[in-house]
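J.: Next input, structure requested:
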Amino acid sequence: MSGLKVNFHKSDVGAIGLSEVDSMVFSKCLNTGCMAFPFKYLGITVGGNPKMVEFWKPIFEKINSMLSTWKGKKLSMV
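T.: Okay, here's the model as predicted:
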């Protein structure tokens, strides 16, 4: 309806709960790449251990950098 299409050259297939062989079959069928775990999606590691500090470190750094620029814009010298 909308005319949007999937760009299979930029897409990858990853499956949770399936064997690697099944994931490879799906990626060959769709003519895409195959993702290995852990991978990043929207900046968050999928397949990582959220109980580990290293899992959250990139997110904390990104938020910290965003806050530092916000503080610089809102800080007044008057």
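
J.: Now do the helices in this structure.
T.: Here the chain has its helices, by DSSP state H, at 20-30, 53-74.

J.: which of those helices is buried the deepest?
T.: Relative to the other members of these, helix 20-30 carries the highest mean neighbour count by mean count of other CB atoms under 10 Å, namely a mean of 13. Using the backbone N, CA and C atoms, a C-beta is placed for each residue, glycine as well.

J.: Other residues contacting that one?
T.: Contact with helix 20-30 is made by 8, 11-15, 33-34, as judged by CB atoms under 8 Å, 6 or more residues apart in numbering.

J.: Return the alpha-carbon coordinates of that helix using CSV.
T.: Extracted in CSV, the C-alpha atoms of helix 20-30 (Å, rounded to 0.1, in the frame of the first residue of the first chain):
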residue,chain,number,x,y,z
GLU,A,20,22.5,-21.5,13.6
VAL,A,21,21.7,-23.8,10.7
ASP,A,22,18.1,-22.7,10.6
SER,A,23,19.2,-19.1,10.8
MET,A,24,21.5,-19.6,7.9
VAL,A,25,18.7,-21.3,5.9
PHE,A,26,16.5,-18.3,6.4
SER,A,27,19.2,-15.8,5.5
LYS,A,28,20.0,-17.7,2.3
CYS,A,29,16.3,-17.9,1.4
LEU,A,30,15.9,-14.1,1.9
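
J.: Run the chain-centre distance for it.
T.: The chain centre lies 20 Å from the centre of helix 20-30; the measure is CA atoms, centre = their mean, to the nearest Å.

J.: Give me the mean pLDDT for stretch 21-30.
T.: On average, the pLDDT along stretch 21-30 is 90.

J.: Same question for stretch 3-12.
T.: Throughout stretch 3-12, pLDDT has a mean value of 88.

J.: Can I get the helices of the chain in JSON lines including distance to residue 39?
T.: JSON lines is the format used below for these (distance: least, CB to CB, whole Å):
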{"stretch": "helix 20-30", "distance to residue 39": "12"}
{"stretch": "helix 53-74", "distance to residue 39": "13"}
